[in-house]
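Novice: take a look and give me a structure for this.
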Amino acid sequence: MIDRAGRHRPRAKLQVMALLCIASLVVLVFAFGTSRFGVAMSGQAQFMLIVLGGFLMTCTVGPVSAVVIDVIHPGIRATGASVLALFQNLFGLAAGPFIAGILSDAWTLEQALTAMPLFAMLAAWAFVRASRSYEADLQRIGEAVREEAAATPSTPGTAPARPGGPARRELVERTESTAMNGVMMDLRTRFNHAERHHCDHVLRIERAGRARRAHLSHAPGMQHRQQSAQSRGQAAEERFARRPRGPFAGRGLRCL
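Specialist: Numbers count the residues shown, from 1 in each chain. Prediction:
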């Protein structure tokens, strides 16, 4: 539906997503706030409204990724997709439950669930604002790709170079190399930090053990208890040495 809406007017994609946000807002607010609106509704009907609101809310997840990829240079699309995923998880999946918990503590759970869909108004405003520059961004990316294709030298008798060509491959390789170096550096830093933390933890345990043993050795009555334990052990060894032996003791297999 969103692709059909943007076939002739690309900005219509973002406008349709804004309408989906408003629709999910209306459905979810009505589903969670039926008692406050004075509407009698069965649990099954309320559940179906919640399912419909969740469906409308997630209808924008795929098109958002497509829109972001459209306005990013082909050489850094992986970076753009990763930044998009970071913001979606940071301000959506992470902040959403936290804000809902704060509102639930301040009000009630029903009121918090009724108020949370209002954030869809912020998403709708962002989509409408982005639609104003979406077509200009598409045109600018297309011109940049065509300029790179025109700047790429072509050998006579060969097919014209594809948009991007060697310049695009070089940009992609450079971007991937930079990203990989950053990832490896981050992993190395994390590993060193974890190793230092583990060593510090082991040293703290050893120091605590030595301090505990020193405290117990100087505790009142500890030496007496140690001497008593040693004397009991020696007495047990002497009793074991003086135990009666059977008629075949010490003969081994000769008793057979």
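
Novice: any stretches of this protein with poor pLDDT?
Specialist: For the chain, residues meeting the criterion pLDDT under 70 lie at 152-180, 182-183, 216-224, 226, 243-256.

Novice: quick check: buried residues in stretch 42-52?
Specialist: Within stretch 42-52, the residues that count as buried by 16 or more other C-beta atoms under 10 Å are 46, 49. Bear in mind the C-beta positions are built from the backbone N, C-alpha and C, glycine included.

Novice: stretch 105-122 now?
Specialist: If you call a residue buried by 16+ other C-beta under 10 Å, then stretch 105-122 has these buried ones: 112-117, 119-120.

Novice: please narrow these to those residing in helices.
Specialist: Of the positions in these, 112-115, 120 sit in helices, assigned by DSSP state H.

Novice: quick one: which of these is nearest to Cys21?
Specialist: Distance to Cys21 across these (C-beta to C-beta) is lowest for Ala120, with 4.3 Å.

Novice: looking at it, the closest one is touching Met57, isn't it?
Specialist: Yes. Shown here, Ala120 and Met57 form a contact pair, counting by C-beta atoms under 8 Å, at 7.3 Å.

Novice: okay, and the common contacts of those two?
Specialist: 21, 24, 28 (C-beta atoms under 8 Å, 6 or more residues apart in numbering).

Novice: reformat the residues you listed as JSON lines; add distance to Ala194 and neighbour count.
Specialist: Conversion of the shared contacts of Ala120 and Met57 to JSON lines gives the following (distance: C-beta to C-beta, whole Å; neighbours: other C-beta atoms under 10 Å):
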{"residue": "Cys21", "distance to Ala194": "41", "neighbour count": "24"}
{"residue": "Ser24", "distance to Ala194": "42", "neighbour count": "23"}
{"residue": "Leu28", "distance to Ala194": "42", "neighbour count": "23"}
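
Novice: and the residue most central in space within the chain, which of the three is it?
Specialist: With distances taken as C-alpha atoms, centre = their mean, the chain has Asn89 as the residue nearest its mean C-alpha position (6.8 Å). Look at Asn89: counting by DSSP: H, G, I helix; E, B strand; the rest coil, its state is helix.

Novice: just give me the neighbour total for the closest residue to Pro10 other than its chain neighbours.
Specialist: Leaving aside its chain neighbours, Pro10 sits nearest to Glu135 (5.2 Å; criterion: C-beta to C-beta, 6 or more residues apart in numbering). Other residues within reach of Glu135, judged by other C-beta atoms under 10 Å, total 14.

Novice: swap in the one 10 residues further on?
Specialist: By the measure other C-beta under 10 Å, the count of residues near Val145 is 19.
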